[in-house]
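A.B. asks: Sequence first, then the predicted structure:
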Amino acid sequence: MTKDIATPLRTKEILQKHGFQLKKSLGQNFLIDTNILTNIVEAAEIDEETGVIEVGPGIGALTEYLARKAKKVVSIEIDQRLLPVLADTLSPYSNAEVVHSDVLKLDLDQLIKDKFSDVKQVKVVANLPYYVTTPILMRFLEGKVDVTSITVMIQSEVAQRIAAEPGTKEYGALSIAAQYYAEAERVMTVPASVFVPPPRVDSAVLHLRVRNEPAAKVIDERYFFEVFHASFANRRKTILNNLVHNLGPKERKVDIEEALTEAAIDPKRRGETLSIQEFATLSDALYSRLKA
């Protein structure tokens, strides 16, 4: 068994050996706690039949824990400077491969076809950079990429928002966007002290179990997204006022009122009180009046 990467001493040794300087712009914070890595891998339910896509492997701390459990790990790294570091640290693991690319531009469907033809299921596991968390998650979810789950370390506040339930202050457009495609569970809080360098806020591990079918059926998915985004444009406003001012045109207020009545939604309610199913019903009622 090789020495774990995720210890303060080994991380320091690796960074010094390669003369690697961290880039704040890429949100590089490296884990130095093996217990956290064990918990992430357990939450992701990785086994020898599983293929794993990792985004942002850093120096390979999480990658090696995944490689010890999974059939294959493909890590996507945008920072070219890390490629020789990863070639060194991951050399003991023949089932770990690094792809130099931007995950937001990469053809993920093709990646899965090319790299994971011999696995039963593909999962995403990653310690995501804070600045690009939401775009990466939605890239997998909205893109309907063929993965069964997504287990990620992200900013604690964002994890709360994604897993939030209707009627709570954290519940909003991001909650619905994620939960429409997946069941969300906040697994654990992770203190800033287990990273080098420590970020300014705590992190959390979030587990998303991707649904076989979206949480609700809608006539037009893109319009459904427009409706709930418009409903949260100003959290102090009622659902009616938000829709009138942000879904428009304003002269269609009567149609919006009728759609709310048809969906059995009080126009004085606020967006954060509506469930995904209520937004779906409302979206279809609005679509038949404003779009059809």
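C.D. replies: Great, that's in hand. Residues are numbered from 1 along each chain as shown.
A.B. asks: And for the helix or strand containing Ala285, what's in contact with it?
C.D. replies: Using DSSP states H and E, Ala285 sits in helix 276-290. With contact meaning CB atoms under 8 Å, 6 or more residues apart in numbering, helix 276-290 is reached by 176, 179-180, 215-220, 223-224, 227-228, 231, 243, 247, 252, 255-256, 258-260, 262-265, 274. Glycine gets a C-beta too; all of them are placed from N, C-alpha and C.
A.B. asks: chain center to it: distance?
C.D. replies: 26 Å (CA atoms, centre = their mean, to the nearest Å).
A.B. asks: Just the buried positions in that helix, please.
C.D. replies: Residues of helix 276-290 classed as buried by neighbour count (16 or more other CB atoms under 10 Å): Ile276, Glu278, Phe279, Ala280, Thr281, Leu282, Ser283, Asp284, Ala285, Leu286, Tyr287, Leu290.
A.B. asks: helix, strand or coil for Arg81?
C.D. replies: Recorded secondary structure, Arg81: helix (DSSP: H, G, I helix; E, B strand; the rest coil).
A.B. asks: How much space separates it from Ser117?
C.D. replies: As for Arg81, its distance to Ser117 is 31 Å (criterion: CB to CB, to the nearest Å).
A.B. asks: Pick out whichever of the two has more residues nearby.
C.D. replies: Each of Arg81 and Ser117 has its neighbours counted (other CB atoms under 10 Å); Arg81 has more, 13 against 8.
A.B. asks: For stretch 118-133, list every residue counted as buried.
C.D. replies: Neighbour counts over stretch 118-133 (16+ other CB under 10 Å) mark 119, 121-130, 132-133 as buried.
A.B. asks: In strands only, show me those.
C.D. replies: Of the positions in these, Gln121, Val122, Lys123, Val124, Val125, Ala126, Asn127 sit in strands, assigned by DSSP state E.
A.B. asks: Next, give phi and psi for Val152.
C.D. replies: phi -140, psi 150 (degrees, to the nearest 10).
A.B. asks: Could you point out which residue ranges in the stretch 101-250 of the chain have low pLDDT?
C.D. replies: 250 (pLDDT under 70).
A.B. asks: List the buried residues of stretch 236-243.
C.D. replies: Neighbour count says stretch 236-243 has Lys237, Thr238, Ile239, Leu240, Asn241, Asn242, Leu243 buried, by 16+ other CB under 10 Å.
A.B. asks: Show me these that map onto helices.
C.D. replies: Members of the buried residues of stretch 236-243 lying in helices (criterion: DSSP state H): Ile239, Leu240, Asn241, Asn242, Leu243.
A.B. asks: just to revisit the earlier point, widest-spaced pair of the buried residues of stretch 118-133?
C.D. replies: Pairwise distances across the buried residues of stretch 118-133 (CB to CB) peak at 29.7 Å, for the pair Val119 and Tyr130.
A.B. asks: now the helices for the protein?
C.D. replies: Under the criterion DSSP H, helices of the chain are mapped to 8-18, 34-44, 61-67, 83-89, 108-115, 133-142, 156-163, 173-181, 221-231, 239-246, 253-262, 276-290.
A.B. asks: For Val201, find the nearest of those helices.
C.D. replies: With CB to CB as the measure, helix 156-163 is the member of the helices of the chain nearest Val201 (6.4 Å).
A.B. asks: now the angle between helix 173-181 and that closest one, please.
C.D. replies: Compare the direction of helix 156-163 with that of helix 173-181 by axes from the mean of the first three to the mean of the last three CA atoms, to 10 degrees and you get 50 degrees.
A.B. asks: angle of helix 156-163 against helix 133-142?
C.D. replies: For helix 156-163 against helix 133-142, the angle by the same axes, to 10 degrees is 30 degrees.
A.B. asks: helices and strands around helix 156-163, which ones?
C.D. replies: With contacts defined as 3 or more CB pairs under 8 Å, 6 or more residues apart in numbering; DSSP states H and E, helix 156-163 has these neighbours: helix 133-142, helix 173-181, strand 182-190, strand 203-210.
A.B. asks: ok, for Leu243, nearest residue in space, not its chain neighbours?
C.D. replies: Spatial nearest neighbour of Leu243, chain neighbours left out: Ile256 (5.0 Å); criterion: CB to CB, 6 or more residues apart in numbering.
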